[in-house]
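A.B. asks: build me a model from this:
(3 chains)
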Amino acid sequence: MDESLTIAKEALKAAEQASFVANNTWMLVATVLVFIMHLGFATLESGFVQRKNVVNILFKNVMIVSLGILSYYFIGFGLMYPGAEGGFFAFGGFGLNNPESLSSSIDYAEGNYTYYTDFIFQGMFAATCCTIVSGAVAERIKLLPFLFFCLLFVSLSYPVTGYWKWGAGWLDAEGFYDFAGSTLVHSVGGWGALAGAILLGPRTGKYGSKGIKPIPGHSMPLASVGVFLLWFGWFGFNGGSVLSADPDLVSLVFVTTTLAAAAGGIGSFLISKLVYKSFDLGMVLNGILGGLVGITASADGVLLSAALLIGFVAGVLIPLSVNFFDKIKIDDPVGATSVHLVCGIWGTIAVAIFGNYGEGVGTLSIQLLGIGAVGLFTFSFAFFVFYIIKVTVGIRVNKEEEIQGLDIGEHQAVAYQ
Amino acid sequence: MDESLTIAKEALKAAEQASFVANNTWMLVATVLVFIMHLGFATLESGFVQRKNVVNILFKNVMIVSLGILSYYFIGFGLMYPGAEGGFFAFGGFGLNNPESLSSSIDYAEGNYTYYTDFIFQGMFAATCCTIVSGAVAERIKLLPFLFFCLLFVSLSYPVTGYWKWGAGWLDAEGFYDFAGSTLVHSVGGWGALAGAILLGPRTGKYGSKGIKPIPGHSMPLASVGVFLLWFGWFGFNGGSVLSADPDLVSLVFVTTTLAAAAGGIGSFLISKLVYKSFDLGMVLNGILGGLVGITASADGVLLSAALLIGFVAGVLIPLSVNFFDKIKIDDPVGATSVHLVCGIWGTIAVAIFGNYGEGVGTLSIQLLGIGAVGLFTFSFAFFVFYIIKVTVGIRVNKEEEIQGLDIGEHQAVAYQ
Amino acid sequence: MDESLTIAKEALKAAEQASFVANNTWMLVATVLVFIMHLGFATLESGFVQRKNVVNILFKNVMIVSLGILSYYFIGFGLMYPGAEGGFFAFGGFGLNNPESLSSSIDYAEGNYTYYTDFIFQGMFAATCCTIVSGAVAERIKLLPFLFFCLLFVSLSYPVTGYWKWGAGWLDAEGFYDFAGSTLVHSVGGWGALAGAILLGPRTGKYGSKGIKPIPGHSMPLASVGVFLLWFGWFGFNGGSVLSADPDLVSLVFVTTTLAAAAGGIGSFLISKLVYKSFDLGMVLNGILGGLVGITASADGVLLSAALLIGFVAGVLIPLSVNFFDKIKIDDPVGATSVHLVCGIWGTIAVAIFGNYGEGVGTLSIQLLGIGAVGLFTFSFAFFVFYIIKVTVGIRVNKEEEIQGLDIGEHQAVAYQ
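C.D. replies: Alright, predicted model coming up:
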């Protein structure tokens, strides 16, 4: 009898440990997948800009990852997940602080992952919001001011709104739902992109007296590599947001994410062909991304048919939105505002239409409240920072440098020899 | 005593659940790896075509993933895995239908993965067969007819022959063995490629009065990226085909797959140098792919020395086969027929020579029967569809568009600015 | 009572098996990540060389993986891990020999991974040391002699010094510590690179009468892709070196690795800007790699603040070291000696400064002994082999071929059409 009990307890502990290992491993794999999204953004944006600005956009993307991780390490993580004490601007302290109240790492997150895993997964997320901005302000923003903006955006803006929901703040208490960040990551990046694009103004020559002049990207292979890598990384972005390796939930998330991406591509394909009479590769690429952004808020809680519809609508929105922003002369070289802001909003609303999250969670009013509150805070923050930059050191390179290209102007280098 | 039993039962259940989580996680990681093979194909084919057709091949590859996933979702999956009721053309119904007979997802596949995991892993496989075709028909096929072909190929042709073996159909009952699809995926793609290449005819100028004119690809870096990514993805393609994370089997599969790929590269290297007097990068790249295709049928059941030999022979076959197809004037811009058809057949035969699968499984006669039956069905299907297209809307762009390039002709765009 | 005991034992076995599955799966995922580092090196080196030598560097990288895996399979693995019997040149026999003493694969490595997993993970590591050399000798070394060097380097040199520590040889007994190979992999590659660069001499025109002529790489996007992929793969390189999926250790390694990489980028950024007045993308890219190499020796046993500092110092060292090697006219087109040798040495010393590995492990004197012993052996080996090549068949292409480019000279091909 004693022997049975001893072995039974040992077995239970071993099983719990095995479960801990499996779950934590998935979270780390998801982290690696989210990391490679930074290469996805770097290649996508490089492909969509002109040859003369490629070194500059690569430089920015490489620096954003480095700065983003460090900002989040020193300030962002403590701000976003303050534990019990947080108010409107929650803050848990500087740097990482492994909770001392735990006797063992298996107790940190119900045996699903360690404290370090938590940080590194969240840290990879955080830096992406700046990468989104980087595309919209490309080909004309000054380098150092932009990096300064990123520092503040990842340290302060992203964590505050992130805390409202994922840090168990007030939006979470209200019943707002955003599974993996259609609002908290993508529209946040999109609002920053919009603020930057407005304050910078369009690239020289884009909106002339003869109408809109298309400025095509310099390398469609690079742009395509970017979209495939982003899709690839999204399996970690959405799949890891389950915050465990729960087989049912993670595999559901994989299916909804894939269906939405595919349907987004088809939606954009159809509108491009039917409305704009063109097999436009750039549109289909952005349509896939739109589908991915759209499903991100609800990938864990919709029917497969709903996932298809969410992605398809997002894909349809892309060419319309790209055209709309061109009409109102907001110049976004890579379409980041359309992909991340417009489809991020759509995805957050879609939670109210298609989501199954129980009573009072994700209703239309609370979803709109969340979109509005996060939007207002983020747009104001970004606009304010960019504005201060603009009226002090200046935000835009001079016209000569812009025409010559930022690679020569900022880096004394060229992308291709 | 009661306490012991309670805890023991709880522990057993927890251990089974932990095993479920670990196995399902591996299948999802394998899915992600197979997904990125689509980027591998996209970059490989882009690299191997001329600069003027790059947007077109990227567009096709992006659309194939999207269309492939959706076709397989709506029709293919139900057709390929009908459950008990299937006949020659098995069919389990439209769309996904989570089996209602299950009380819990852990019961679906002996605790190895969920129903959704099953679909998404198989769905990633399905779309690859069209990607193979895409390379062989590049630089001259019309866009929409090709996409229409893909729709039918992934919805109908691939699932029917897939069902014969993997859906427990008649070839499976006969003892045919094809571990991860040397025949069911690669030669299926290869037969489609052959049918398309025959009906299209060679690219203008390829086989002139002065002999064979080489038309080199426009970017060797892109092509090389493609091969590395395909090798990378193959760890999921073959490793995931174990259909669990069984440590012995999956690690064996990793070793046989790697050895065959490496030996394939060496085989191609030697023949290129000794016979054709050239350090030909394209040949070595295709030699690696040939080794991978070759080992795919038997990666879980051969000695390591056999894996080496299978890969080496596949590598040797590549330059010979590429030359053979050029001799008979079948023009395949990327060598897809040599890689996927010739090495797919070789790998399936190799099961009979080297495989250890027990009495009556994988004998030479049954392997040849499988190769022949799948080949006959697939080639007929593809030839018929392409032929109907040819005599109705037309299959080939006109000569002017071909010479100018399909990027301008079909997309009014260029790949590089 | 009997029932309890039976179930309890069954549960314990099931839990151990689940743990085995989860741990082995992580090691296989890590293997896949290390594999893709070969693409990282291929693209990094391609990007950093001139357009006329791109096919050649791709060819070398593709062949190195293939040759490396096979060399390690036939000789290296047995040499590096001889089991109990090894001396200074340990040797356990040719080819793989699954230990027959084991009754079950779960007993091989305390239930963490199988014998095949062990081989394939170590095999992926082995080939990287040659890839490091390949960059430093680029644009002027003859193809076949270089491949011959690689064969010997992976078969003999790398395994002997690897055995000293990881095979439980004399350096291990002395208390030398090198977690994932700052010395055993990176500085080994770096010493080979240095020997090759010295014996080859600089590229024609690099150090002229008018001072140092910069020879910029031909594609910054390719180089950037390489660094992101290497960072991506490093999660497997360092994370897999835990040799299990231990949640605490692997997640710690992820955090230290990431922080060091980010800090390395920042360190290089600052020195480039402050000392050399330039936003130099190449330097920041190499700074990130330097940070990664630096943390590799101690990623499992330092404070996070120490990881930051180790990475930052490595990043600072990069521009200084690159300039130093240029001053002494050792020409290294990709900066491999600075990244892998200098930062590898720094990382190994950092173990003595920051590492927490207990009494007598990783003291400064033993770390310096390890650096010196491995350096002496490897540099001598590489110098001897390259020297024999130089005085027999010749090591360097002739000047005409160098100026025309090795793509035409060795491959009768060009990288871009």
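
A.B. asks: measure the closest residue to chain B within the stretch 301-417 of chain A to chain C for me?
C.D. replies: The nearest approach of the stretch 301-417 of chain A to chain B comes at A:Leu304, 6.1 Å away (C-beta to the nearest C-beta). Every residue, glycine included, has its C-beta placed from N, CA and C. A:Leu304 is 27 Å from chain C, where distance means C-beta to the nearest C-beta, to the nearest Å.

A.B. asks: what score does that residue have for pLDDT?
C.D. replies: At A:Leu304, the predicted lDDT confidence score is 93.

A.B. asks: neighbours around it, how many?
C.D. replies: For A:Leu304, the tally of surrounding residues (other C-beta atoms under 10 Å in any protein chain shown) stands at 18.

A.B. asks: got a list of what it touches?
C.D. replies: Applying C-beta atoms under 8 Å, 6 or more residues apart in numbering or on different chains to A:Leu304 gives the contacts A:Val255, A:Thr256, A:Leu259, B:Tyr73, B:Gly95, B:Leu96.

A.B. asks: wait, is the last one part of a helix?
C.D. replies: No: with DSSP: H, G, I helix; E, B strand; the rest coil as the criterion, B:Leu96 is coil rather than part of a helix.

A.B. asks: tell me which parts of the stretch 201-350 of chain A are close to chain C?
C.D. replies: Contacts of the stretch 201-350 of chain A with chain C, taken as C-beta under 8 Å from any C-beta of the partner chain, map to A:Ser219, A:Leu222, A:Val225.

A.B. asks: of these, which ones also sit close to chain B?
C.D. replies: Answer for those near chain B (C-beta under 8 Å from any C-beta): A:Ser219, A:Val225.

A.B. asks: export the residues of the stretch 201-350 of chain A next to chain C to CSV and tack on secondary structure and neighbour count?
C.D. replies: Below are these laid out as CSV (DSSP: H, G, I helix; E, B strand; the rest coil; neighbours: other C-beta atoms under 10 Å in any protein chain shown):
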residue, secondary structure, neighbour count
A:Ser219, strand, 23
A:Leu222, helix, 24
A:Val225, helix, 28
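
A.B. asks: quick one: the residues of the stretch 201-350 of chain A next to chain C as CSV, columns for pLDDT too.
C.D. replies: Formatted as CSV, these follow (pLDDT from 0 to 100):
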residue, pLDDT
A:Ser219, 98
A:Leu222, 98
A:Val225, 98
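
A.B. asks: neighbours around the nearest residue to A:Ala352 once chain neighbours are set aside, how many?
C.D. replies: Of all residues not flanking A:Ala352 in the chain, A:Leu364 sits nearest, at 4.0 Å (C-beta to C-beta, 6 or more residues apart in numbering or on different chains). Neighbours of A:Leu364 under the rule other C-beta under 10 Å: 11.

A.B. asks: how near is A:Leu364 to chain C?
C.D. replies: For A:Leu364, the distance to chain C - C-beta to the nearest C-beta - is 39 Å.

A.B. asks: how about A:Ile120?
C.D. replies: 5 Å.

A.B. asks: residue ranges with poor pLDDT in the stretch 51-200 of chain A?
C.D. replies: Applying pLDDT under 70 to the stretch 51-200 of chain A picks out residues A:84-94, A:97-101.

A.B. asks: what does it put close to chain C?
C.D. replies: By C-beta under 8 Å from any C-beta, the residues of the stretch 51-200 of chain A that approach chain C are A:54-55, A:58-59, A:61-63, A:65-67, A:69-70, A:73, A:95-96, A:105-106, A:113-117, A:119-120, A:123, A:143.

A.B. asks: just the buried ones from those residues?
C.D. replies: With burial judged by 16 or more other C-beta atoms under 10 Å in any protein chain shown, the buried subset of these is A:54-55, A:58-59, A:61-63, A:65-67, A:69-70, A:73, A:96, A:105-106, A:113-117, A:119-120, A:123, A:143.

A.B. asks: pLDDT of stretch A:246-258, averaged?
C.D. replies: 97.

A.B. asks: my error: substitute stretch A:353-364 in the last question.
C.D. replies: 94.

A.B. asks: now the phi/psi pair for the residue nearest to A:Gly181 when sequence neighbours are not counted, please.
C.D. replies: Nearest non-adjacent residue to A:Gly181, counting by C-beta to C-beta, 6+ apart: A:Thr296, 5.7 Å away. Dihedral pair for A:Thr296: phi -60, psi -30, per degrees, to the nearest 10.

A.B. asks: contact partners for A:Thr296?
C.D. replies: A:Phe179, A:Ala180, A:Gly181, A:Ser182, A:Val185, A:His186, A:Trp234, A:Phe237, A:Asn238, A:Gly344, A:Gly347.

A.B. asks: what's the separation between it and chain C?
C.D. replies: 22 Å.

A.B. asks: quick check: that residue vs A:Met80, distance?
C.D. replies: Note on A:Thr296: its distance to A:Met80, by C-beta to C-beta, to the nearest Å, is 18 Å.

A.B. asks: go on, A:Phe383?
C.D. replies: From A:Phe383 to A:Met80 the distance is 22 Å (C-beta to C-beta).

A.B. asks: cool, A:Ile328 as well?
C.D. replies: Counting by C-beta to C-beta - A:Ile328 and A:Met80 are separated by 33 Å.

A.B. asks: between A:Phe383 and A:Met80, who's got more neighbours?
C.D. replies: A:Met80 (26 against 18).

A.B. asks: let me see the contact set for the more buried one.
C.D. replies: Counting by C-beta under 8 Å, 6+ apart, A:Met80 touches A:Ala90, A:Gln122, A:Ala126, A:Tyr158, A:Pro159, A:Val160, A:Gly162, A:Tyr163, A:Trp166, A:Gly167.

A.B. asks: let's go with 7 Å and repeat that
C.D. replies: For A:Met80, the contact set (C-beta atoms under 7 Å, 6 or more residues apart in numbering or on different chains) comprises A:Pro159, A:Gly162, A:Tyr163, A:Gly167.

A.B. asks: can you show me the CA trace of the helix or strand the second one falls within as CSV?
C.D. replies: Here A:Gly162 sits within helix A:158-165, counting by DSSP states H and E. Below are the C-alpha coordinates for helix A:158-165, written out as CSV (Å, rounded to 0.1, in the frame of the first residue of the first chain):
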residue,chain,number,x,y,z
TYR,A,158,2.4,49.5,-26.4
PRO,A,159,2.7,48.2,-22.8
VAL,A,160,0.1,50.5,-21.4
THR,A,161,-2.6,49.5,-23.8
GLY,A,162,-1.4,45.9,-23.7
TYR,A,163,-1.8,46.0,-20.0
TRP,A,164,-5.4,47.2,-20.3
LYS,A,165,-6.4,43.8,-21.7
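
A.B. asks: without its sequence neighbours, what residue ends up closest to the residue of the stretch 151-300 of chain A found nearest chain C?
C.D. replies: In the stretch 151-300 of chain A, the residue that lies nearest chain C is A:Leu222 (5.9 Å; C-beta to the nearest C-beta). The spatial neighbour of A:Leu222 that comes closest, neighbours along the chain excluded (C-beta to C-beta, 6+ apart), is A:Gly47 at 3.3 Å.

A.B. asks: burial measure for A:Asn356, as a count.
C.D. replies: Counted with other C-beta under 10 Å, the neighbours of A:Asn356 add up to 13.

A.B. asks: now the closest residue to it other than its chain neighbours: how far from C:Val34?
C.D. replies: Take A:Asn356 and drop its neighbours on the chain: the residue closest to it by C-beta to C-beta, 6+ apart is A:Gly301, 5.1 Å away. To C:Val34, A:Gly301 is 36 Å away according to C-beta to C-beta.
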